[in-house]
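Novice: sequence and computational prediction follow.
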Amino acid sequence: DAGVTQSPTHLIKTRGQQVTLRCSPKSGHDTVSWYQQALGQGPQFIFQYYEEEERQRGNFPDRFSGHQYPNYSSELNVNALLLGDSALYLCASTMSGISQPQHFGDGTRLSIL
Amino acid sequence: GEDVEQSLFLSVREGDSSVINCTYTDSSSTYLYWYKQEPGAGLQLLTYIFSNMDMKQDQRLTVLLNKKDKHLSLRIADTQTGDSAIYFCADHNQAGTALIFGKGTTLSVSS
């Protein structure tokens, strides 16, 4: 039973560039959430996708956008990268419904130079 | 808004019990969670407790929930060096979509 998979594992970009991160949910899950984890902090919610639409969004600017495909996989796009966007980006999946346990992938480590 | 707080560090000796504490503000959550994060890795769902339970035991792990005081704890019996990691307490937001995390408790186990 495959868990949540994310790609790439690591990424290095420069300021102003754009990046796309990818996530495949755990088998049987149809809801995907994205979190940003800065060094020494807990993960912060970016947004959640369900039925190919953004269901809820955290306190992140419009530079952060996402997409969910019919097979439930998801992408996180970040435009106009800033140094402060350097973080571990975590994808979590869950079964549809509210307040269900979320299962996380190993994350993508994004470094901005 | 919703908030989750945890102590930042805990140091124990191998074989001892570890107790990690957490307080939360939102009382409407269905479940409360404990996640483990090892260096360079993502979050592993360790265990979770339904909000109408007081206690849940899962092998070496015991979760205690005091809803009146909004206090959650994780006890690890017979702590091993492999238990060294960061432990996060998490609660759902009021919409039940996002998880709200504490800053994490770094557990250091010495032999």
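Specialist: Noted; the coordinates are in hand. Numbers count the residues shown, from 1 in each chain, chains lettered A, B, ... in the order given.
Novice: and residue A:61, how many neighbours?
Specialist: Counted with other C-beta atoms under 10 Å in any protein chain shown, residues neighbouring residue A:61 total 10. Yep, even glycine has a C-beta here, placed from its N, CA and C like the rest.
Novice: make that residue B:95, sorry
Specialist: Around residue B:95 there are 12 residues (other C-beta under 10 Å).
Novice: state the helix or strand in which the closest residue to it other than its chain neighbours lies.
Specialist: In this structure, residue B:95 finds its nearest non-sequential neighbour in residue A:56, 5.8 Å apart by C-beta to C-beta, 6 or more residues apart in numbering or on different chains. According to DSSP states H and E, residue A:56 maps onto strand A:53-57.
Novice: packing partners for that strand?
Specialist: strand A:44-50 (3 or more C-beta pairs under 8 Å, 6 or more residues apart in numbering or on different chains; DSSP states H and E).
Novice: who does the strand it packs on pair up with?
Specialist: strand A:31-37 (antiparallel), strand A:53-57 (antiparallel) (DSSP bridges).
Novice: quick one on the thing from earlier: residues contacting the residue nearest to residue B:95?
Specialist: By C-beta atoms under 8 Å, 6 or more residues apart in numbering or on different chains, the contact list for residue A:56 reads A:47, A:48, B:95, B:97, B:98.
Novice: among these, the buried ones, what's the ChimeraX command?
Specialist: The buried subset of those, as determined by 16 or more other C-beta atoms under 10 Å in any protein chain shown, is captured in ChimeraX by this line:
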select /A:47,48 /B:97,98
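Novice: ok, so of the contacts of residue A:56, who is nearest residue B:83?
Specialist: Closest approach between the contacts of residue A:56 and residue B:83, by C-beta to C-beta: residue B:98, at 27.6 Å.
Novice: which residues does the closest residue to the closest one other than its chain neighbours contact?
Specialist: What sits nearest to residue B:98 in space, not counting adjacent residues and going by C-beta to C-beta, 6+ apart, is residue A:45, at 3.7 Å. Neighbour list for residue A:45: A:33, A:34, A:35, A:58, B:93, B:98, B:99, B:100 [criterion: C-beta under 8 Å, 6+ apart].
Novice: dump the residue contacts of residue B:84.
Specialist: So residue B:84 contacts B:107, B:108, B:109 (C-beta under 8 Å, 6+ apart).
Novice: now render these as TSV, adding neighbour count.
Specialist: Converted to TSV, the contacts of residue B:84 look like this (neighbours: other C-beta atoms under 10 Å in any protein chain shown):
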residue	neighbour count
B:107	20
B:108	13
B:109	20
